[in-house]
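# Here's a sequence, model it:
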Amino acid sequence: MKFPFRLLTLLWVQWLAGWVAAAPARPNVVVIFCDDLGYADVGCFGARGYRTPHIDRLAQQGTKFTSFYAAQAVCSASRASLLTGCYPNRIGIHGALGPNSKTGLGTAETTLAETLKTRGYATAIFGKWHLGRAPQFLPTRHGFDTYFGLPYSNDMWPKHPEAARGTYPPLPLIQDEEVLQEMPDQRQLTTQYTEHAVRFLEQHRAKPFFLYLAHSMPHVPLFVSDKFAGKTRRGLFGDVIAELDWSVGQVLATLRRLKLEETTWVIFTSDNGPWLSYGDHAGSAGPFREGKGTAFEGGVRVPCVMRWPGRIPAGRVCDLPLMTIDVLPTVAHQVGAALPVTPIDGLDVWPLLAGQPGATNPHPAYFFYYNTGELHAVRSGDWKLMLPHTARTLGNQPKASGGLPAKYRALPVGLELYDLRADPGETRNVAAANPTVLTQLLAFAEDARQELGDSLTHRQGSGVRAPGRIP
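Residues are numbered from 1 along each chain as shown. Below is the predicted model:
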C-alpha cells in the first residue's frame with residue numbers, strides 16, 4: 001500500500017515542526033561584567049546618590065538574582081570561574097595576576113567562548129581580560145575572535161599607589177594581540193569598550209554571537225569621560241556608575257534597533273564586591289559584611305540581572321543561591337553545546353533561571369576560596385559556614401577619601417555558622433545551637449578539600465590542574 005503524497009508531506013511537516021520545537025535554541029549571549037561593583041552599587045539593588053535607569057529597566061524586563069555569587073572575591077580568580085565553569089583554584093588561577101606574572105589560563109581549559117564557537121558563534125571581548133599577559137594567554141588564544149582592552153587591572157601601572165610594591169610596565173591597550181597604546185586615556189575606556197561592543201553587534205546581527213563586555217570600572221583608579229563628569233551627587237564614583245549604566249543602555253538600545261531583543265540572553269553582574277579601603281572611591285555592599293578580598297557576603301555576593309524575553313521571567317526576584325561557575329554549563333545546555341572534556345564545577349541551573357515551579361539548586365554547597373587555595377567558607381541553602389582563617393577588615397576607622405586607601409587590619413575568623421535568611425549581615429554565630437548543620441557543612445568542606453585542596457590544612461586536591469606557565 002502506498003501513502004498518498006499529500007499525507008507523506010503532512011507527516012514530514014509535523015515531524016519537522018516537532019524537531020524544531022525540541023531542538024536547542026541558539027540565543028545570542030551578552031555578558032556584561034563590571035569590576036569591583038558592589039551589591040548595592042546599582043539602583044535596583046539599593047544604590048544612593050545616582051540613578052541607573054538602564055540596568056533597572058533590564059531588571060524589570062528580566063529576573064533579579066539577589067543571592068548570586070562570584071566564585072572568589074578577587075579579579076583574575078573570579079574571571080577564570082566565569083569563563084571556565086571551574087572554581088579558580090581547580091585550574092591554578094589565584095588572586096590577581098600581575099603584569100609580570102608567569103602564569104595564566106592554561107590551553108587545556110575550555111572557555112565559554114570556545115564552547116559557543118562549536119555551535120557557530122562569533123565571539124568578542126571588549127574590556128579587561130586579566131587571565132595572563134603573555135601572547136599564549138590572551139583571549140584570541142582562548143576562543144575569542146577579537147579583543148580590545150586591557151590585559152590586567154587598570155591600577156597596574158607605575159604611578160598608582162598600589163603599584164609601588166613592584167615595577168610594572170606601562171598599561172597596554174591591546175587590539176587582538178597588538179599593543180595600540182602603551183598608556184591609554186582611561187577617561188575614554190568605558191566609551192571605547194561600548195563603541196566596540198555596538199559595532200560588533202551590528203556586524204554580527206545575522207548569526208549567533210557571544211559578547212563579553214568586561215568593564216574596567218569601577219575598579220580604582222576611577223576615570224570618567226567628560227560627558228558624565230560631575231553629573232551625580234555621589235561624586236566621581238557615582239559619575240563612573242552613571243557612565244556604566246549608559247553603556248548598558250547603549251548595548252540594549254542596539255539590540256532593540258537590530259530587532260535582536262527576543263533572541264538575546266543578557267547577563268549583567270560583577271567580579272566581586274567593593275574595594276572598601278578606598279572609601280568614597282569605592283562602592284557599597286549594602287546590608288552585607290565586609291567587601292572585596294573576603295569570603296563574607298560583602299566580598300562575594302554581587303548584583304546580577306538576566307533577561308531573555310519569553311524564557312527568563314520578567315519582573316521576578318530569585319533569592320536562591322547561584323554562582324558564576326554555573327554560567328558555562330547552563331548556557332551550553334541551552335545552545336546544545338557539549339561540556340568541556342575536563343571536569344568542571346558548575347552545573348546546569350536553567351530551571352532556576354526560568355522560574356520553573358519547584359526548581360532547586362542542584363549543588364549541595366558552594367565553596368569560597370582565597371589566596372593560594374585557602375578554603376574560607378561554605379554555603380549550603382540558607383546556611384553559611386566560615387572556616388578558621390585570617391580575613392581583613394577596616395574596623396571602625398574613618399572612611400578614606402580622595403582615591404588613597406585606608407589600611408586593613410587583620411581579622412581572625414573562627415568556626416562560625418550563620419543563618420543568612422535570618423541574619424544576612426553575618427552578625428550572629430549560631431554554630432553552638434545548630435550542631436547537626438555544622439556537622440553537615442564541615443562534611444561538605446572535607447569533600448571540597450579532597451577534590452580542590454586547601455592550603456590552610458595542607459591538603460592537595462585530587463582534581464586540581466596546573467595553570468598555563470611561561471617557560
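
# List the backbone torsions phi and psi for the spatially most central residue of the chain.
Nearest to the mean C-alpha position of the chain, counting by Cα atoms, centre = their mean, stands Asp271 at 4.3 Å. Backbone torsions for Asp271, taken as degrees, to the nearest 10, come to phi -80, psi -20.

# and it, how far is that from Pro218?
11 Å (Cβ to Cβ, to the nearest Å). Where C-beta positions appear, they are placed from N, C-alpha and C, glycine not excepted.

# swap in Val349?
If you measure Val349 against Pro218 using Cβ to Cβ, the figure is 28 Å.

# Neighbour count: these two, which is higher?
Between Val349 and Pro218, counting by other Cβ atoms under 10 Å, Pro218 is the more crowded of the two (30 against 23).

# Can you give me the pLDDT of that one?
At Pro218 the predicted local confidence, pLDDT, stands at 98.

# before we move on, what about Pro161?
Reported pLDDT for Pro161: 52.

# Can you measure across stretch 306-315, start residue to end residue?
Using Cα to Cα, to the nearest Å, the span of stretch 306-315 from its first residue to its last is 11 Å.

# in that stretch, what's buried?
If you call a residue buried by 16 or more other Cβ atoms under 10 Å, then stretch 306-315 has these buried ones: Met306, Arg307, Trp308, Arg311, Ile312, Pro313.

# Relative to Pro170, which of these is nearest.
Comparing these against Pro170 with Cβ to Cβ places Met306 closest, at 36.9 Å.

# Now name the helix or strand holding the closest one.
Using DSSP states H and E, Met306 maps to strand 301-307.

# try Pro221
Judged by DSSP H and E, Pro221 forms part of no helix or strand.

# For it, grab phi and psi.
Per-residue torsions, Pro221: phi -70, psi 140 (degrees, to the nearest 10).

# Next, count neighbours for it.
With other Cβ under 10 Å as criterion, Pro221 counts 17.

# Next one: it from Leu339, what distance?
Per Cβ to Cβ, Pro221 is found 39 Å from Leu339.

# Flag every buried residue along stretch 266-275.
For stretch 266-275, the neighbour count (16+ other Cβ under 10 Å) marks Val266, Ile267, Phe268, Thr269, Ser270, Asp271, Asn272, Gly273, Pro274, Trp275 as buried.

# So what touches the helix or strand harbouring the second one?
Under the criterion of DSSP H and E, Ile267 resides in strand 264-270. By Cβ atoms under 8 Å, 6 or more residues apart in numbering, the residues outside strand 264-270 that reach it are 27-38, 41, 55, 58, 62, 68, 70, 248, 251-252, 255, 302-308, 311-312, 324, 327, 331, 334.

# The closest residue to Phe237 other than its chain neighbours: what's it in contact with?
Nearest in space to Phe237, with sequence neighbours left out and distances taken as Cβ to Cβ, 6 or more residues apart in numbering, is His281 at 5.8 Å. Contacts for His281 (Cβ under 8 Å, 6+ apart) come out as Val220, Pro221, Leu222, Leu236, Phe237, Ala400, Ser401, Gly402, Gly403.

# Put together TSV for those residues, with distance to Asp145 on each row.
TSV is the format used below for those (distance: Cβ to Cβ, whole Å):
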residue	distance to Asp145
Val220	31
Pro221	31
Leu222	31
Leu236	35
Phe237	34
Ala400	41
Ser401	43
Gly402	41
Gly403	36
